[in-house]
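In: Need coordinates for the below:
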Amino acid sequence: MNPYIMTVLLFGLGLGTTITFASSHWMLAWMDLDIDTLAIMLLMALHRHPRAVKQPLSTFYQATAAATLLFASVTNAWLTGQWDIQQMTHPVPTTMITLALALKVGIAPLHTWLPEVMQGLDLTTGLILSTWQKLAPFALLLQLPLQNQTMLVIMGLASTLIGGWGGLNQTQLRKVMAYSSIAHLGWMIIIIQFAPSLTLMALMVYMMMTSSAFLMFKINNALNINTLATSWAKTPLITAMAPLILLSLGGLPPLTGFAPKWLILQEMAKQGLALTATMAALTALLSLYFYLRLSYALTLTMSPNNLPGMTPWRLKSHQLTLPLSMTTAMTLMLLPLTPVIMTFMTL
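Out: Model prediction:
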């Protein structure tokens, strides 16, 4: 593809998200979200794949979310005379905007488009869809004065349950990461009304861990679980670290992924939601199961290679590994710095 077109698309992707961060008017936020959506749609269309026919499905859902958000903001202006994002006082437009943003990021029960669309993307575009595309909607969710606690708790628990349950029988890595995204978004949305700083921290840690997992799959050129069995012959050191990355996604101590789950469960217990916290912790076991499946395929499964096929790791690799090494180090070793991270998040 022409590098100038790619530069324009990436610039539009960054511009839409950045202006959304700074916007306080619903009309400006809606336009910036559409710029962001248009850029990612064109990036999706670049990948020629039989499953790419699912991309119009994503376009339909994103357009539906944008139309709902515009309608809700106009309704709020009609009812209250306010266009300011932080001045949402009427429960009806607030609920509509929350559902529209949930549809944009793929929170259950509005998640059905995400696994199918993710399966039709290459790993790089899937990484962008799983990480960068979550920033703008969550920037708006964090500014909203959320009032419907019951709806958010139900959506959060449904996301953790569906994200864990849906990933159990998947063999395609992109679908596994899509259901992983749904489960992690459930943890973020369940606590957003009580401790927005915890939601922001969980989002940053999730983006870091997901980036590390996608980059690891990309270097190994792995799209399904069976391909992971050959990873040890290609990149032995990365394959040795990969189970730790996946277990960090599962939230096991002493890895970084344990910090947000630990703090979210603690905050829910403080808010008197002990039963909700217990249910969320139990649904996390479902996600942990398919992370363990991937770890098993990486470390304990040997592919039937002949002798020449067992030594490709001796050849020099020309792939860029610096982003993977940085995200992997942060994914594995940031747990002791949790108090410092939370201090920065609450500033």
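
In: Remind me what the helix or strand hosting residue 154 packs against, helices and strands.
Out: If you go by DSSP states H and E, residue 154 is part of helix 149-166. Applying 3 or more C-beta pairs under 8 Å, 6 or more residues apart in numbering; DSSP states H and E, we find helix 149-166 packed against helix 91-105, helix 173-191, helix 274-299. C-beta: built from backbone N, CA, C; applies to glycine.

In: Which strands and helices lie in contact with the helix or strand that the longest one is followed by?
Out: Toward the C-terminal end, the helix or strand that comes next after helix 274-299 (DSSP H and E) is helix 322-333. Applying 3+ C-beta pairs under 8 Å, 6+ apart, we find helix 322-333 packed against helix 196-220, helix 236-250.

In: do you know how far residue 285 is from residue 252?
Out: For residue 285, the distance to residue 252 equals 11 Å [C-beta to C-beta, to the nearest Å].

In: Counting neighbours, go ahead and name the busier of these two.
Out: Legend: neighbour count by other C-beta atoms under 10 Å for residue 285 and residue 252, higher for residue 252 (17 against 11).

In: quick one: pLDDT of the more buried one?
Out: Residue 252 carries a pLDDT score of 89 in this model.

In: Number the residues from 877 up from this point.
Out: Fine by me, first position is 877 from now on; the one you just mentioned is residue 1128.

In: Now do the SS call for the residue nearest to residue 1209 when sequence neighbours are not counted.
Out: Nearest non-adjacent residue to residue 1209, counting by C-beta to C-beta, 6 or more residues apart in numbering: residue 1132, 7.0 Å away. Under the three-state scheme (DSSP: H, G, I helix; E, B strand; the rest coil), residue 1132 adopts coil.

In: how close does residue 1132 get to residue 1121?
Out: In terms of C-beta to C-beta, residue 1132 sits 10 Å off from residue 1121.

In: what touches both of the two?
Out: In terms of C-beta atoms under 8 Å, 6 or more residues apart in numbering, residue 1132 and residue 1121 are both contacted by the residues 1085, 1207-1208.

In: looking at the residues you listed, which has the most residues close by?
Out: Ranked by neighbour count (other C-beta under 10 Å), the shared contacts of residue 1132 and residue 1121 have residue 1085 at the top, with 28 neighbours.

In: That residue: what's it in contact with?
Out: Residue 1085 is in contact with 1121, 1124-1125, 1132-1133, 1203, 1207, counting by C-beta under 8 Å, 6+ apart.
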